[in-house]
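Visitor: give me the fold of what follows.
(2 chains)
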Number of protein chains: 2
Amino acid sequence: MFKQVAVVGATGAVGRIMLRLLAERKLPVEQYRFLSSARSAGQPLEFQGQTYRLEELTEKSFAGCDLVIASTPDDVAAKYLPAAVAAGATVIDESGYFRMKPDIPLVIPEVNPQAALIDRGIISSPNCSTTQMVVALKPLHDAAGLKRVIVSSYQAVSGAGLQGTTDLIEGTKASLAGTDYRYSTFAHPIAFNLIPQIGSFKDEGYTSEELKMVYETRKIMGLPDLPVTATCVRVPVANCHSETIVVETERPLSVAEARRVLGAFPGIVVVDDPAQGRYPLPSDCTGRDEVFVGRIRRDLSSPQGLAFWCVSDNLRKGAATNAVQIAELLAAHRFGYRR
Amino acid sequence: MFKQVAVVGATGAVGRIMLRLLAERKLPVEQYRFLSSARSAGQPLEFQGQTYRLEELTEKSFAGCDLVIASTPDDVAAKYLPAAVAAGATVIDESGYFRMKPDIPLVIPEVNPQAALIDRGIISSPNCSTTQMVVALKPLHDAAGLKRVIVSSYQAVSGAGLQGTTDLIEGTKASLAGTDYRYSTFAHPIAFNLIPQIGSFKDEGYTSEELKMVYETRKIMGLPDLPVTATCVRVPVANCHSETIVVETERPLSVAEARRVLGAFPGIVVVDDPAQGRYPLPSDCTGRDEVFVGRIRRDLSSPQGLAFWCVSDNLRKGAATNAVQIAELLAAHRFGYRR
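Guide: Residues are numbered from 1 along each chain as shown, chains lettered A, B, ... in the order given. The predicted structure follows:
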């Protein structure tokens, strides 16, 4: 088992789910430590029936750690995680900072598990909206070869951290009451509204979130030239990101065959019974670890196109679950762990 | 001016806006009448400072009418509007019933005004989500020829009628309070949630709303083979439908040129300044008559593709405004009216 695992950022939106998952999935760990900013250091943290103390994250925090799981902003990851590697740890990083660096593996265990099998260094876990899409794309690519991907996202406020959820709830209450609310996470009101911007604007009018969906997808799938375009939109949904995805494939793929390969792929649940009004809903997928796919149908605009709807819990498979699955992969590789 | 105009369905979600618009835009009308179901008949209705009585809609209601503007469910339109035509009226119908019939014009005044210039009969106004998209597609088609359209919608609850709005507000209050709410318009909870179904399921796993976006678009644009695919999603937004639209064009069209032709087209307002965080928001577009376009950029997945974001008030340009504009077209044609 892992001797000493440090969890960095355990009090954030993803960190809280991480704690729940580590307990649920019983990752084989002798000793846990929990690292946080100086502001939170010293506070108690309950985990698996024990009370821990949050320790201040410094460059010297990692002595003795064989595994670090970090959910922090990019700048914190950049500053501290190299010290963890220098101390001999393997680091599973949820931030965006290292993801596109050529020598850093970017891993979804169902898609490219072999990339995680390093002995030391940083393994990045992808962006939430990317992860769920790539899980769904992989079996379609294996079956028929992907030629083009067009995605529009419907992203929940929990992706903007705990304050994103507070903003939605308090902003909605204020809107219903006819009073004002000052949003701290969003540049525009999100209550009963949409914001077609997630992250900051980068090249050619695309946002950082949209470019993550392009570049991370290519890297994880090992398809550096895959044509992908994305529009990312924040919606007043509490939790779970949803996506409409249209793909073109190299070879024809029937709807029945697509449904079959999606349903057979690990980590995917197909919910697709229009006659019964059954398709994935954010409200049904929250708290679940899988990627849910429905509305699978022929793309009416292209002879080799398919369209579908994809929902997943952005804090779970989009973040914490994927990171824990990477840890489980490492455990399997290093000491034959089987969940 | 029109001698006698009958407004059918004035108490519904669209009808209320219709009354406001008829007053705002001062359609030249000598006498108005307001027709409703037997249930509402006899009730008073305030309009332009006068009190009218709602009259019961029957097949004999239309004697003396030269124009009828109807916002009713499909079955009501099917039953009563032919009687209006038989009585000699021109009918502007907002329902879906007649839209795809080959001899019925389907009109967006900015796009195909010539189709409205009939002396008698029914003129259909398109589906809300179709109208705003086609207004945006038309200048792109004129400039470069449309080859393919892929749209994902983010549709407000006001499109489901007054009860849709009640469902969102009461469902949201219940969700915040942790109590139950029985939705009457939606098959699933819409508070803080998404529903990837609008209308009923038809052929090949597409919903009626999605197929309207395919078939009505082709008819209005006179492009019977235009490849179009759509995914329509209900979102917990009060008013204004939003759409992500990806098009491929026959000839290359730069982003700058697309922005220019969109901005020059009547009825379109381009709001597209990412550096300042400016793009169309439902909250800004509600109560407006135009179609708002932003996030105009190159489609990263196709050499001749463009992607953009389109928002419009679904009760206004998506319904009432378009119908009143058709009436204004008729007024211009018949008696030289200029607004």
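Visitor: okay, CA-based contacts and neighbour counts for the rest of this
Guide: Will do.
Visitor: what residues does the helix or strand bottoming out on mean pLDDT in chain A touch?
Guide: Least confident element among the helices and strands of chain A, by mean pLDDT, DSSP states H and E: helix A:13-25 (a mean of 93). Counting by C-alpha atoms under 8 Å, 6 or more residues apart in numbering or on different chains, the neighbours of helix A:13-25 from elsewhere in the structure are A:8-10, A:47-48, A:71, A:158, A:161-162, A:315-316, A:319-321, A:324, A:339.
Visitor: with stretch A:136-147 instead?
Guide: Outside stretch A:136-147, the residues touching it (C-alpha under 8 Å, 6+ apart) are A:111, A:221, A:226-227, A:247-253, A:258, A:261-262, A:265, A:268, A:291, A:293, A:310.
Visitor: which of the residues you listed fall within helices?
Guide: Among these, the members falling in helices (DSSP state H) are A:221, A:258, A:261, A:262.
Visitor: so which of the residues you listed wins on neighbours?
Guide: Counting neighbours by other C-alpha atoms under 10 Å in any protein chain shown, residue A:262 leads the ones in helices among the contacts of stretch A:136-147 with 25 neighbours.
Visitor: nearest spatial neighbour of it, chain-adjacent residues omitted?
Guide: Spatial nearest neighbour of residue A:262, chain neighbours left out: residue A:139 (6.0 Å); criterion: C-alpha to C-alpha, 6 or more residues apart in numbering or on different chains.
Visitor: okay, the one you found: pLDDT?
Guide: pLDDT recorded at residue A:139 is 98.
Visitor: for the helix or strand hosting residue A:256, buried residues please.
Guide: Residue A:256 is part of helix A:255-264 when elements are defined by DSSP states H and E. Buried residues in helix A:255-264, counting neighbours by 16 or more other C-alpha atoms under 10 Å in any protein chain shown, are found at A:255, A:258, A:259, A:261, A:262, A:263.
Visitor: ok so, going back, which of the contacts of helix A:13-25 lies closest to chain B?
Guide: residue A:158 (11.5 Å; C-alpha to the nearest C-alpha).
Visitor: would you mind giving the secondary structure of that closest one?
Guide: Per DSSP: H, G, I helix; E, B strand; the rest coil, the local secondary structure of residue A:158 is helix.
Visitor: picking up where we left off before, which of the contacts of stretch A:136-147 count as buried?
Guide: Neighbour-count burial within the contacts of stretch A:136-147 applies to A:111, A:221, A:226-227, A:247-249, A:253, A:258, A:261-262, A:265, A:268, A:291, A:293, A:310; the criterion is 16+ other C-alpha under 10 Å.
Visitor: roughly how far apart are the most far-flung residue of chain A relative to its centre and chain B?
Guide: Centroid-distance maximum for chain A: residue A:178 at 35.2 Å, with C-alpha atoms, centre = their mean. For residue A:178, the distance to chain B equals 13 Å [C-alpha to the nearest C-alpha, to the nearest Å].
Visitor: okay, that residue: pLDDT?
Guide: Looking at residue A:178, its pLDDT reads 97.
Visitor: ok so, going back, Throw the buried residues of helix A:255-264 into JSON lines and include pLDDT, thanks.
Guide: Shown next, in JSON lines, are these (pLDDT from 0 to 100):
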{"residue": "A:255", "pLDDT": "98"}
{"residue": "A:258", "pLDDT": "98"}
{"residue": "A:259", "pLDDT": "98"}
{"residue": "A:261", "pLDDT": "98"}
{"residue": "A:262", "pLDDT": "98"}
{"residue": "A:263", "pLDDT": "98"}
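Visitor: spit out the contact partners of the residue nearest the centre of chain A.
Guide: Taking C-alpha atoms, centre = their mean as the criterion, residue A:318 is the residue nearest the geometric centre of chain A, at 2.1 Å. Each residue near residue A:318 by C-alpha under 8 Å, 6+ apart is listed here: A:126, A:127, A:128, A:129, A:130, A:131, A:132, A:312.
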